[in-house]
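[1] Give the three-dimensional model of this entry:
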Amino acid sequence: MVKKFLLALCIGAFSLTACAGGKDAAPATGTVSPEAEQMVRKAIDSLAAGVRVDAIEPAVIPGFYQVIASGQMLYISDDGKYMLHGEMFDLASKKNVSDDAWADFRKAELAKVPQSQRIVFAPPDPKYTVTVFTDVNCGFCRELHKHVAELNKEGIAVEYLAWPREGLVTSAGRPTPTYTEMVSVWCASDRRAALTAAKDGKTPKSVVCDNPVKEQFELGRKLGISGTPTIYSPNGRVLGGYLTPAQLLHALQQGG
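    This next block holds a predicted model:
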């Protein structure tokens with residue numbers, strides 16, 4: 001279990017190519033003193049060097065800090081000696097405390113993505129809006145997109161962000177084919193048409209521009225994404241991977 005966790009942290013660190021500590025470190029959130037923040041970062045660094053710490057807050061259990069690092073949530077004791085990795089439940093309220101914290105973090109991070117960097121399929125007056133991390137070559141992503149008109153008819157707006165499952169570069173250090181395709185989609189003059197065509201199996205015309213694909217891929221890593229599609233509700237909760245229009249509508253009606 002520990003080895004699996006460390007591997008996840010390391011993968012996240014390499015994907016984000018960012019380091020804990022120093023001027024590039026993400027600021028702590030919540031009421032955390034500089035000394036406590038430094039202690040937490042030191043504890044994380046002892047597990048896997050070079051891991052970006054994205055959020056530090058006091059945990060609901062006394063004596064621990066809640067930490068989000070490289071797409072993982074964990075709890076570090078206030079003396080830096082102990083780590084808990086997993087979900088935390090409040091037995092009195094029957095609530096998943098970790099899930100609530102993740103939702104708040106994801107909602108805040110997704111809100112930072114400008115509308116101009118999304119590919120949006122929306123009805124005139126949407127009742128609901130979902131954010132979907134997608135890959136142009138994934139089967140379930142293609143299946144979901146086949147129903148986008150039906151989703152719009154149900155009042156659901158779909159806002160796509162890019163997440164090439166192959167990653168950004170090959171083992172030889174070259175851009176992966178999927179990343180290249182998705183850059184072409186996001187750089188197309190008509191991105192909606194280009195995305196639809198790519199999901200129909202038509203290779204998009206090669207175009208290069210200033211684009212957000214790499215940034216969105218890294219955001220997905222930060223949010224803990226491991227596959228596509230990943231659908232988020234407006235409140236930052238993961239609704240699932242592929243869902244039928246009826247299933248997605250039901251999930252949103254239940255509050256997501």
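[2] Please save the CA atoms from stretch 147-157 in PDB.
    This file holds the C-alpha atoms of stretch 147-157, laid out as PDB (Å, rounded to 0.1, in the frame of the first residue of the first chain):
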ATOM      1  CA  HIS A 147     -25.400  12.000 -26.800                       C
ATOM      2  CA  VAL A 148     -24.300  15.700 -26.400                       C
ATOM      3  CA  ALA A 149     -27.300  16.900 -28.400                       C
ATOM      4  CA  GLU A 150     -29.600  14.900 -26.100                       C
ATOM      5  CA  LEU A 151     -27.900  16.200 -23.000                       C
ATOM      6  CA  ASN A 152     -28.400  19.700 -24.300                       C
ATOM      7  CA  LYS A 153     -32.100  18.900 -24.900                       C
ATOM      8  CA  GLU A 154     -32.300  17.900 -21.200                       C
ATOM      9  CA  GLY A 155     -30.900  21.300 -20.200                       C
ATOM     10  CA  ILE A 156     -27.400  20.100 -19.500                       C
ATOM     11  CA  ALA A 157     -24.400  22.100 -20.800                       C
END
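[3] Now do the SS call for Tyr65.
    Using DSSP: H, G, I helix; E, B strand; the rest coil, the secondary structure recorded for Tyr65 is strand.
[4] what's the neighbour count on it?
    When counting by other C-beta atoms under 10 Å, one arrives at 23 neighbours for Tyr65. C-beta here means a position set from N, CA and C on the backbone, and glycine is covered the same way.
[5] can you pull out the helices in this structure?
    Using DSSP state H, the helices of the chain run over 2-16, 34-47, 97-110, 139-146, 148-153, 177-187, 191-199, 213-222, 245-253.
[6] Out of those helices, point me to the one whose mean pLDDT is lowest.
    Of all the helices of the chain, mean pLDDT reaches its minimum on helix 2-16 (a mean of 45).
[7] From Gln117, how far off is Tyr65?
    32 Å (C-beta to C-beta, to the nearest Å).
[8] now do Lys95
    33 Å.
[9] the more surrounded of the two?
    Gln117 (15 against 12).
[10] The more buried one: what's it in contact with?
    Shown in contact with Gln117 (C-beta atoms under 8 Å, 6 or more residues apart in numbering): 161, 186, 212, 215-216.
[11] and with 10 Å instead?
    Contact analysis of Gln117 by C-beta atoms under 10 Å, 6 or more residues apart in numbering lists 159, 161-162, 186, 211-213, 215-216.
[12] Repeat that for Tyr160.
    Tyr160 neighbours (C-beta under 10 Å, 6+ apart): 118-121, 130-134, 136, 141, 145, 148, 185-186, 191-192, 195, 216, 229.
[13] Now with 7 Å, please.
    Contact partners of Tyr160, counting by C-beta atoms under 7 Å, 6 or more residues apart in numbering, are 118-119, 132, 134, 195.
[14] and it, what are its bridge partners?
    Ile119, Val132 (DSSP bridges).
[15] how close does it get to Phe217?
    13 Å.
[16] which residues does Asp107 contact?
    You called it Asp, but residue 107 is Lys. Applying C-beta under 7 Å, 6+ apart to Lys107 gives the contacts 235-236.
[17] out of the contacts of Tyr160, which is most surrounded?
    Thr134 (29 neighbours).
[18] Give me the pLDDT for that one.
    Thr134 carries a pLDDT value of 98.
[19] That one touches Pro229, doesn't it?
    Yes: under the criterion of C-beta atoms under 7 Å, Thr134 makes contact with Pro229 at 5.3 Å.
[20] Mutual contacts of those two, please.
    Cys141.
[21] pLDDT wise, what is Ala18 at?
    In this model, Ala18 is scored at 31, pLDDT.
[22] and what of Arg52?
    In this model, Arg52 is scored at 85, pLDDT.
[23] how far away is it from Glu181?
    Distance of Arg52 to Glu181, given as C-beta to C-beta: 27 Å.
[24] For those two, work out which one has more neighbours and name it.
    Arg52 (26 against 23).
[25] doesn't Ser70 make contact with the more buried one?
    Yes: using C-beta under 7 Å, Arg52 makes contact with Ser70 at a distance of 6.0 Å.
[26] Sweet, I'm off.
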